[in-house]
Every structure is written in structure tokens, then in C-alpha cells.
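1. fold the stuff below for me.
(one chain, ligands or ions: 1)
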Amino acid sequence: LWKLLCTYLPCDVLSLQKSIVQHVEYTLARRRYKRDKCSFYQATAISVRDRLIERWTDTQQYLSSKDSKRVYYLSLEYLLGRNLQNAMSCLALRNRYAAALEELGYSLEELTEEERDPGLGSGGLGRLASCFLDSLATLNFGAWGYGLRYKFGLFEQRLISKAQAEFPDFWLKEGYPWEVERPDVQYLVRMYGEVEDRVDPETGEVKVAWKGGEDVLAEGFDIPVPGFHTLNTNNLRLWTSKASCEFDLGSFNDGQYYAAIEEKERSEPLTSVLYPCDNNAPGKELRLRQQYFFVSATLQDILRRYKKSPSHGLLDLPNKVAIQLNETHPAIAIPELMRLLLDDENLCWQDAWHIVHNTCAYTNHTVMPEALEIWPLPLVEQILPRHLRIIYEINHQFLSEVRRRWPGDPQRVARMSIIEESEPKMVKMAHLAIIGCHKVNGVAQVHTGLLCKSLFRDFYEMWPEKFVNITNGVNHRRWMLQANPAMSAVISKWLGTHDWVHDLGRLERLKELSSNPEFQRDWQEMKRYNKRKLAEFIERTCDVDVDADAMFDVHVKRIHEYKRQFMNILGVAYRYLRILSLLAEEKFDELRQVVPKVVIFAGKAAPNYSVAKDVIKLIIAIADTINSDTRIGGLLKVVFIPNYNVSVAEVIIPGSDLSQHISTAGFEASGTSNMKFCMNGSLLLGSRDGANLEIEQSVGRANIFMFGANTKEVRTLQTTMQYRKPQLDGRLAHVTQEIRSGRFGPTSFDSLVDSLLPENDRYMVGHDFGSYLEALEVSDAAFRKPEEWTAKTIVSCASMSRFSSDRCIREYAEKIWNVEPHQFRPPN
Ligand code: 26W
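-> Numbering: from 1, shown residues only. So this is what the prediction gives:
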């Protein structure tokens with residue numbers, strides 16, 4: 001091993017150049033002297049990948065030799081973002097690659113733009129998984145991610161006829177240079193068929209056999225996950241489906257040949273497409289099949305690796321393996337692992353249950369009832385008959401325990417059952433996950449509080465020690481160092497060191513400098529530079545000219561009623577109408593006080609979520625009216641940037657002054673972009689929800705604009721009639737009247753506007769609107785004082801150490817996984 005290590009590929013500029021040019025010529029078979037950005041991007045990526053691969057294989061071998069406990073993160077979604085610069089920085093080769101490319105006639109920046117985002121997720125949950133992978137590698141935890149290699153990622157959003165249109169995202173079109181296909185890593189996954197009870201003639205024991213059905217083949221594709229400035233390199237393994245009959249196609253005679261090919265064609269689509277829903281479970285058969293396919297291949301792979309070591313007995317599995325379920329999407333892992341242990345490994349129920357329970361843990365990311373996964377029991381029975389039997393047994397044993405603890409409480413038993421006695425009966429995946437896991441965690445303090453107090457209250461009463469909070473975090477190396485090099489340079493200059501990149505707590509020292517005029521000047525210049533870049537991006541993508549001196553007020557995330565983009569655009573319309581009336585009344589003093597503003601929206605709506613799509617239409621209609629109104633002289637501009645994704649976020653977030661996180665209290669589990677904005681010197685305008693509350697504690701009340709009802713108030717308002725009485729806020733009534741009257745184009749948006757009526761207003765837009773406008777005014781007033789504003793943004797940024805995914809991963813390691821880091825070191 002040591003000898004091998006000494007032969008790591010050379011990394012001087014000339015060697016990097018040679019490797020790039022060789023990959024253009026020999027790996028890609030393209031002309032090396034032709035200017036071709038796409039080829040040079042790919043060749044550069046492969047050159048970087050070569051250098052990752054040696055560390056990757058060495059890390060895996062090292063971890064096996066240490067026999068250290070491994071973490072497996074199971075997620076149906078990842079939003080990896082671009083990899084090129086991230087990988088180069090991790091290897092500490094960014095500058096050398098930049099120099100190598102420069103001489104070849106390319107800038108690193110232009111090649112970066114050639115990389116497509118793999119959109120293998122729909123929102124916060126998928127991006128969180130990606131931040132976690134980066135921190136796990138950087139902190140030297142032996143951890144693998146598992147997921148699905150969807151052929152089509154989240155749809156591409158275009159704005160056509162002033163509305164969202166969806167286009168397929170074929171992200172693999174030019175190939176994905178970061179992945180390595182593993183034709184040797186294949187597993188069969190069975191679905192459908194029947195179960196049969198068989199009595200063992202010798203022991204008399206009843207065994208269940210699962211027979212018949214269809215097999216699908218899972219094949220792995222691996223993506224190396226480098227740690228930052230450490231040799232440790234982890235792995236992300238994504239499964240693709242293949243037809244299993246490829247195995248024995250050769251043996252078919254002529255007549256069956258076509259049928260076999262047809263069957264092969266039928267199995268292929270399983271991993272074709274990612275479900276684009278966010279906080280709304282699709283309840284489709286294909287989705288359940290994807291989940292099971294994913295889980296079965298993953299668990300077979302984990303067990304195979306585990307059993308490779310001769311010293312490993314299965315009962316020891318929980319000491320060597322931790323499996324984290326990202327939401328209930330992979331929760332079918334509970335009965336699947338039971339099945340593998342019972343049927344394939346011949347363990348008894350107690351032993352199998354002990355292993356499953358101590359190995360698995362579950363993270364909940366939402367309390368929205370419509371997002372909780374429940375499957376019709378007949379569907380589960382049809383696709384996974386063996387698993388249904390196991391679920392029955394788990395439920396039977398669990399409910400006996402409930403009856404013992406709470407005798408004479410049948411309602412409690414009914415509430416806690418995995419099976420809902422509806423027509424048809426339903427299988428509740430969250431209950432299965434809670435019962436089958438040793439830990440359940442929420443993703444922010446209020447969110448975990450809600451899990452314990454309401455959503456999972458019965459379970460909390462039964463097992464209080466099972467529930468833990470681990471507030472989310474984000475990878476500050478991607479979201480500060482990579483996305484905002486200008487800010488990183490200013491920070492490092494003033495701190496005199498880069499050490500904050502490893503330990504975000506070091507930023508605290510910036511607080512003392514927050515009023516230093518020279519530091520402020522650097523900071524403001526940096527912000528203006530990022531705003532100019534964002535303004536250019538807006539010009540390119542929206543064809544709207546915006547002034548980089550205006551306040552950039554940003555609201556970017558999935559479009560959802562609970563996230564209240566609707567409330568924001570109503571506030572924008574109000575601002576516009578107010579400017580017009582000031583003009584009409586010639587109140588020039590007051591007009592001079594109006595802060596010039598660019599309001600920036602971006603985000604995708606689920607294709608079947610018509611209210612969310614209407615919100616996009618309304619934003620575009622209002623934007624068109626405002627942007628073309630020359631009377632207001634550029635005091636207000638509104639844009640909707642299409643196709644929000646990780647790389648678009650990397651442009652928007654550093655260029656923002658103010659960002660909005662205004663969900664109805666109790667609905668946003670955590671939010672993670674709120675953390676990214678703060679880290680980039682943008683102030684938050686937030687509701688009392690999710691991680692906003694913890695951010696407020698960290699940055700201080702003076703540095704964040706909070707408004708609206710808190711979770712408790714929302715609950716009381718929703719349950720009492722009180723809420724149904726009040727009149728609409730006068731300002732809101734005025735705005736809605738203007739929308740209906742056609743001020744913003746011919747569409748009257750009746751159904752949207754009707755949703756504001758107190759009896760329909762599930763998300764409290766009417767209730768919070770007044771305090772929302774007041775918070776906006778407070779933020780305007782603050783923005784009028786540039787020194788104070790700048791100091792606030794510096795203090796917020798410097799207060800973010802708690803929100804690094806490094807802190808978050810350390811908490812998972814300690815509270816849930818019980819794992820230690822193991823750093824792989826090169827020989828001297
Ligand atoms: C297919 C059905 C489906 C898909 C995704 C149902 C539900 C989801 C997720 C729960 C949606 C999601 O991304 N949740 C977000 O997770 C983030 C990371 O914890 C949190 O910061 C967000 O508040 C939460 O909405």
C-alpha cells in the first residue's frame with residue numbers, strides 16, 4: 001500500500017496540462033488543437049477525477065483495515081451542484097489547474113459553466129444530503145451516500161407565455177465525467193409474486209418463501225466525494241435499473257426472443273425519472289417500486305461489504321454500520337433488512353429485530369400532512385407481499401407493547417398502528433420508521449418540538465429518549481468559499497488567515513471589525529461586485545436591466561403556498577401602488593425616502609400544483625406591469641429568474657442584500673437557504689419558523705427582521721373562530737381589488753385572491769400581512785443607513801458557525817451514529 005501511495009499522479013502545472021490534453025485526445029478522442037470548451041471541461045474533470053480516484057481507493061482500503069464503523073446515508077434525492085471547482089479546492093489544486101488552463105487558452109470560470117447540475121432532487125432535502133456528504137468526507141468519517149441515478153433529473157423550468165413550462169432534464173446528454181460505472185456491482189431486486197408458508201420437515205418450523213414475481217437488475221455508478229484538504233475521499237453510489245433477463249437472453253429460442261426483449265425494455269424505466277413533488281407525496285406505484293429497488297440494492301450491497309470481513313458476525317452489525325434514512329422515502333429498508341436477515345441469513349426474529357432497530361435511524365423533514373407517505377395496503381401486498389407479512393408482525397408485536405403500557409386505551413392503539421383502518425387500508429411509513437429505528441430526529445428546534453408535541457406525540461410519550469433535535473447546517477465551503485470568492489478574500493485578508501474555512505467559529509473575530517471604516521469599504525465593494533454579477537445574470541436570463549445600487553430583495557425556493565411567495569408579491573404590488581400615489585400627490589419628500597429595490601424571485605412549482613403555478617403567473621404579470629411603467633423611474637423592478645437550481649443559487653445568494661424566509665409558522669421544518677444568505681452578508685426577513693428562530697438567537701434581534709404569528713399563535717388562530725372574524729387588512733384589500741380589476745393584466749386571478757378570504761386562508765397571509773409590511777419598512781429604514789446596514793451584515797455573517805454542516809454532522813456522529821473519524825495519512 002505504501003509503495004502504491006508514492007506513485008500518486010504528479011500535480012505540477014505542466015503535468016496537469018499534459019493530463020488534460022491527453023484526455024482530450026485519448027479518452028474523448030477529440031482534436032486537441034481545436035478550441036472546444038465542452039471537451040476541455042470534460043478532460044479537465046477527468047484529470048481531476050484521476051487524482052480523486054487514487055485517494056478514494058486508498059481511503060476505502062484504509063477504512064477496511066481499521067475495521068471502523070461506517071455510516072450509510074440513504075436518500076432518494078441529492079442536489080450535488082457543480083463539482084469541478086469543489087473537487088479542485090478539496091485537492092488544493094484550484095490555482096494550479098487555473099494556471100494550467102490559462103496557458104491552454106481557457107479560463108477556469110468559463111469551463112466551470114460547461115458543467116451541468118445533476119438535478120437529482122427537488123429541494124432542501126436533497127441539497128442537505130449533498131452538504132452532508134461534503135462534511136462527512138471533510139471530517140474524515142467513513143461514510144457512503146446511496147441514491148438513484150435518475151436518467152431525467154428535476155424538470156427544466158422555462159417561462160413560456162408568462163407561465164412555467166416543464167422540459168425534461170437529460171443531464172447525462174454529454175456524459176457525466178465524475179461517475180464510474182461498476183458493471184461488477186449488480187444485484188437482483190424482486191417485486192410482485194406470492195408468499196408461501198413452508199413447514200420445515202425436520203424442525204417443524206414455519207418458514208415463509210417469496211416466489212415468482214419479476215426481477216430487476218440494479219447496477220451501481222460511483223461518484224467520489226472528496227473531503228476538503230484531507231486525503232479522505234468517500235463514495236456516493238447511485239443505482240440504475242437494468243432488465244435482469246439480459247443475463248439469460250442468449251438461451252431464448254426465436255419465439256421467446258421478442259418477449260424477452262420487450263420485458264427488458266419494460267424494466268429499464270424504473271429509474272428514469274425523479275418525482276418532482278416537494279412536500280406532497282405522489283402516491284404512485286412507480287414511486288414505491290423506485291423506493292424498494294433503491295433500498296434492496298443498497299442493503300444487499302451493505303451486507304455484502306460487511307460480510308467480506310471474516311471477523312464480522314451479523315449480531316455485531318449495529319457496532320459496525322449506521323444507516324440513516326433521509327425522510328421516510330427509504331423507510332421500506334426496515335422490513336427489507338428484516339427479510340434479508342430472516343429469509344437469507346436465517347436469523348430468528350429477535351436477533352433480526354435487534355440488529356435492524358439498532359442500525360437504523362430516521363430523519364423527519366416535514367410536518368405537512370400531505371407530505372407524509374402512506375401507501376395503499378393492497379399495493380404493498382401486490383408489489384411486496386413478503387414485506388407486508390413482516391410489517392404485520394412488527395405491528396403486532398408493537399401494538400402488544402402499547403396495550404401492555406396503556407391497557408384499556410384502544411384509541412391510542414389505533415392512532416399508533418402502522419396500518420390505518422381506512423378504505424382501502426393504508427400503511428403509514430412514518431410509524432414504521434419510528435418503530436423500526438433507535439433514533440428519530442427533527443431538523444430545527446421548533447420542528448423537533450412539534451414532532452414531540454403533536455405529530456408523533458404518542459410515540460414521544462412511549463419513547464422520549466428516541467427523539468432528538470439536530471438543527472440543519474450547510475456546507476460553508478461551497479456556499480462561501482466557492483460561491484463567493486470575493487467575500488472569502490476580504491474575510492481572509494482581514495483575519496490574516498484562511499483558518500475560518502476549517503472552523504467557522506473563527507469568523508467571530510470579524511464582529512470587532514464590523515464598524516471599522518476600511519473593512520466596511522472592502523465589504524461594501526465586495527457586495528457591489530457580487531450584485532453587479534447578479535445584475536448581468538438577470539440581464540442575460542430575464543432581459544431586465546437592474547441597478548446594482550438598489551436593494552436586492554430575494555425570495556428563492558420551491559414555490560409553495562406555505563412558503564408564501566404570494567404574500568411577497570402582494571407586498572410588492574402594494575409598494576408599487578404606494579409609489580404611484582406618492583407621485584400622483586406630488587409628495588416628493590416622501591418619494592425621496594423610498595428605497596430603490598429589485599425584487600428577485602426564483603423557484604420551481606410541482607407540475608401538477610396549479611395554485612403554485614398560478615403564483616408564478618401572478619408574479620410575472622405584476623413584474624411586467626411594474627417593469628414597463630416608466631413613471632416610477634426604476635424605483636422598483638421585479639424579476640422571476642427561471643430554472644432555479646444549485647448553480648443559479650450560487651450566483652443569486654452572494655448578490656443579495658435582503659432575503660425572505662416567510663413561511664407560515666409551524667410549516668417550514670428548518671429551511672437551509674436562510675443560513676446560506678446570512679453567511680453571504682444578506683439580512684433575513686423572516687417569520688417565526690424553522691431555523692429562522694435559531695438564526696435570530698445567533699445574530700441577535702437587531703440584525704434580523706422578524707414578523708408574524710408564532711407557531712403557538714398560528715395553532716390557536718386556526719382552531720378558534722377568532723380567526724374567521726377579522727376584516728382584511730385595508731392595504732391587502734386595496735391590492736386584491738386592483739388585481740381583480742385588471743391593473744396587472746387581463747387575468748383576474750380569482751381563485752388565488754379568494755384564497756385570502758379568512759375562511760380559506762390556511763396559511764395566514766391575511767393575518768400576517770400587516771406585520772409583514774411593517775417588517776419591510778423596518779428593513780427599508782435600516783438600508784437607508786449604509787454603515788449600520790453593513791455592520792449588521794458583517795455581524796450576521798460572523799455569527800453563523802452553528803449553521804455549518806460540520807457542526808451538524810458532528811452531532812449526528814455523536815447523538816445517533818456513535819462513530820469516530822479516521823483520517824487517512826500518506827506515508828512520509
Ligand atoms: C415525493 C414526496 C416528497 C418529497 C420531498 C415529500 C416530501 C419531501 C421533502 C420532505 C421536502 C423537503 O425538501 N423538505 C425540506 O427539508 C429541508 C432539509 O431538512 C428543510 O430545511 C425544509 O424546511 C423542508 O421543507
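
2. mind listing the helices for the stretch 301-450 of the chain?
-> Remark: helices assigned in the stretch 301-450 of the chain by DSSP state H, counting those that start in this stretch are 317-320, 333-339, 349-359, 377-383, 385-405, 410-416, 429-436, 445-450.

3. what comes into contact with the fifth one?
-> Contacts of helix 385-405 from elsewhere in the structure, counted by Cβ atoms under 8 Å, 6 or more residues apart in numbering, are 192-195, 208, 210, 292, 332, 334-336, 338-339, 342-343, 349, 353, 377, 380-381, 412-413, 416-419, 427, 432, 435-436, 462. To be clear about C-beta, it is placed using only N, CA and C from the backbone, and glycine gets the same treatment.

4. before we move on, what about the fourth one?
-> With contact meaning Cβ under 8 Å, 6+ apart, helix 377-383 is reached by 191-192, 285, 288-289, 292, 387-388, 391, 419, 424-427.

5. how about the residues of the protein near the ligand?
-> Taking Cβ under 6 Å from any ligand atom as the contact definition, the chain meets the ligand at 122-125, 128, 275, 277-279, 281-282, 327, 365-366, 371, 443, 472, 668-672, 690.

6. neighbours around whichever residue of the stretch 451-600 of the chain sits closest to the ligand, how many?
-> With Cβ to the nearest ligand atom, the shortest gap between the stretch 451-600 of the chain and the ligand falls at Asn472, namely 5.2 Å. The tally of other residues near Asn472 (other Cβ atoms under 10 Å) stands at 27.

7. point me to the helix or strand that includes it.
-> Under the criterion DSSP states H and E, no helix or strand holds Asn472.

8. give me the residue from the stretch 701-828 of the chain nearest the ligand.
-> Cys808 (10.2 Å).

9. in contact with the residue nearest to that residue when sequence neighbours are not counted, which residues?
-> In space, and not counting its chain neighbours, Cys808 is closest to Gly473: 3.4 Å by Cβ to Cβ, 6 or more residues apart in numbering. Listed by Cβ under 8 Å, 6+ apart, the contact set of Gly473 reads 131, 135, 672, 675, 802-809.

10. can you add distance to Glu586, pLDDT and neighbour count and give these back as JSON lines?
-> Converted to JSON lines, the contacts of Gly473 look like this (distance: Cβ to Cβ, whole Å; pLDDT from 0 to 100; neighbours: other Cβ atoms under 10 Å):
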{"residue": "Cys131", "distance to Glu586": "52", "pLDDT": "98", "neighbour count": "27"}
{"residue": "Ser135", "distance to Glu586": "57", "pLDDT": "98", "neighbour count": "26"}
{"residue": "Thr672", "distance to Glu586": "46", "pLDDT": "98", "neighbour count": "25"}
{"residue": "Met675", "distance to Glu586": "44", "pLDDT": "98", "neighbour count": "29"}
{"residue": "Arg802", "distance to Glu586": "50", "pLDDT": "98", "neighbour count": "17"}
{"residue": "Phe803", "distance to Glu586": "47", "pLDDT": "98", "neighbour count": "27"}
{"residue": "Ser804", "distance to Glu586": "52", "pLDDT": "98", "neighbour count": "25"}
{"residue": "Ser805", "distance to Glu586": "53", "pLDDT": "98", "neighbour count": "28"}
{"residue": "Asp806", "distance to Glu586": "56", "pLDDT": "98", "neighbour count": "25"}
{"residue": "Arg807", "distance to Glu586": "54", "pLDDT": "98", "neighbour count": "17"}
{"residue": "Cys808", "distance to Glu586": "54", "pLDDT": "98", "neighbour count": "22"}
{"residue": "Ile809", "distance to Glu586": "59", "pLDDT": "98", "neighbour count": "27"}
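
11. tell me the one among the contacts of helix 377-383 nearest to Lys69.
-> Tyr292 (26.4 Å; Cβ to Cβ).

12. once you drop chain neighbours, what's closest to the closest one?
-> Using Cβ to Cβ, 6+ apart, the closest residue to Tyr292 is Ile332 (5.3 Å).

13. quick check: the one you found touching Trp375?
-> No - in this structure Ile332 lies outside contact range of Trp375 using Cβ atoms under 8 Å: 9.0 Å.

14. joint contacts of the two?
-> Joint contacts of Ile332 and Trp375 (Cβ under 8 Å, 6+ apart) are 288, 429.

15. so for these two, which residue has more residues nearby?
-> More neighbours surround Ile332 than the other of Ile332 and Trp375, with 29 against 24 (other Cβ under 10 Å).

16. how's this structure carved up into domains?
-> Domain assignment for the chain by automatic domain parsing gives 1-66+82-115, 67-81+117-437, 476-812.

17. how about these in JSON lines, adding distance to Leu450?
-> Below are these laid out as JSON lines (distance: least, Cβ to Cβ, whole Å):
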{"stretch": "domain 1-66+82-115", "distance to Leu450": "34"}
{"stretch": "domain 67-81+117-437", "distance to Leu450": "5"}
{"stretch": "domain 476-812", "distance to Leu450": "6"}
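
18. so who does the closest residue to Ala322 other than its chain neighbours touch?
-> The spatially closest residue to Ala322, leaving aside those adjacent along the chain, is Trp817, at 3.9 Å (Cβ to Cβ, 6+ apart). Each residue near Trp817 by Cβ under 8 Å, 6+ apart is listed here: 69, 71, 322, 324, 361.

19. highest neighbour count among the residues you listed?
-> Tallying neighbours with other Cβ under 10 Å puts Ala322 at the head of those, with 26 neighbours.

20. CA-only coordinates of stretch 650-662 in CSV, if you can.
-> In CSV, the C-alpha atoms belonging to stretch 650-662 read as follows (Å, rounded to 0.1, in the frame of the first residue of the first chain):
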residue,chain,number,x,y,z
GLU,A,650,-24.5,30.3,-6.3
VAL,A,651,-25.0,33.4,-8.3
ILE,A,652,-28.1,34.8,-6.6
ILE,A,653,-27.2,34.3,-2.9
PRO,A,654,-23.9,36.3,-2.8
GLY,A,655,-25.6,39.1,-4.7
SER,A,656,-28.4,39.7,-2.3
ASP,A,657,-29.0,42.4,0.4
LEU,A,658,-32.1,41.1,1.9
SER,A,659,-33.7,37.6,1.7
GLN,A,660,-37.1,36.4,2.6
HIS,A,661,-38.0,33.3,4.5
ILE,A,662,-41.6,33.9,5.3
